[in-house]
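[1] Provide a 3D model corresponding to the input given below.
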Amino acid sequence: MKVAIGTENQAKIHAVQNICHLYFEDVEFISLNVPSNVSEQPIGDEETLQGAKNRASIAFMETQVDVSFGLEGGVKELDGQLYICNWGVLYTKIGQQYIAGGAQIPLPQEVGHAIRNGEELGPVMDRYTKRIGIRHYEGAVGVFTNGFVKREEMFEHVVKLLLGQYFKENPIQEMT
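    Numbering: from 1, shown residues only. Next up is the predicted model:
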């Protein structure tokens, strides 16, 4: 099984690899730094999902793979509160598309204010935590759950949702 991953983010790459290794005996990964073709800071479920679709589609078109994954994190507003949101898409070589969303938790007002003023969550979180590269490690979800759920785990859940749908429609695929 050849799998393309349309992202440069190590947490997202590891999420796909970790979960695929559980379900496929022989898997080869190709990670591509492809654009999301949405805002640097996706706002809303629609834009965040579109970013995941674009990453999966572009990764698929640039490779000769069986499936491709696109994962995207963003923020959304609900009742005046900003929340993190995340979406994933899996494309197959026979034209199937699977979509799944993941965990959502509120962001502190201080973080939300910076994002509303046009900043991106990653740099805001670096400043908030006084660390560099939070998005590549525990992410905002890890910071605001006190490490109970890390960014990689959040995206692993989305990958499981995608693969669950895939295997429901493609039960003849070899699993470990």
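[2] Which neighbouring elements make contact with the helix or strand hosting residue 5?
    Per DSSP states H and E: residue 5 is located in strand 2-6. The elements that strand 2-6 packs onto, with contact taken as 3 or more CB pairs under 8 Å, 6 or more residues apart in numbering; DSSP states H and E, are helix 10-23, strand 28-32, helix 44-61, strand 67-78. Every C-beta, even on glycine, is put in place using the N, C-alpha and C of the backbone.
[3] correct me, but residue 149 touches residue 142?
    Yes: Residue 149 is within contact range of residue 142, at 6.6 Å (criterion: CB atoms under 8 Å).
[4] ok, what's across the strand from the residue nearest the centre of the chain?
    The residue lying closest to the centre of the chain (CA atoms, centre = their mean) is residue 71, at 2.8 Å. For residue 71, the beta-bridge partners are residue 88 (DSSP bridges).
[5] and it, how far is that from residue 78?
    According to CB to CB, to the nearest Å, residue 71 stands 21 Å off from residue 78.
[6] Same check on residue 49?
    16 Å.
[7] who has more neighbours, those two?
    residue 49 (23 against 11; other CB atoms under 10 Å).
[8] what stretches of the protein score poorly on pLDDT?
    In the predicted model of the chain, residues 172-176 satisfy pLDDT under 70.
[9] my read: residue 7 touches residue 29, true?
    No: assessed by CB under 8 Å, residue 7 is found out of contact with residue 29, at 11.5 Å.
[10] Could you tell me which residues touch both of those two?
    Common contacts of residue 7 and residue 29 (CB atoms under 8 Å, 6 or more residues apart in numbering): residue 13.
[11] ok, those two, which is more surrounded?
    Using other CB under 10 Å as the criterion, residue 7 and residue 29 rank with residue 7 on top: 24 against 16.
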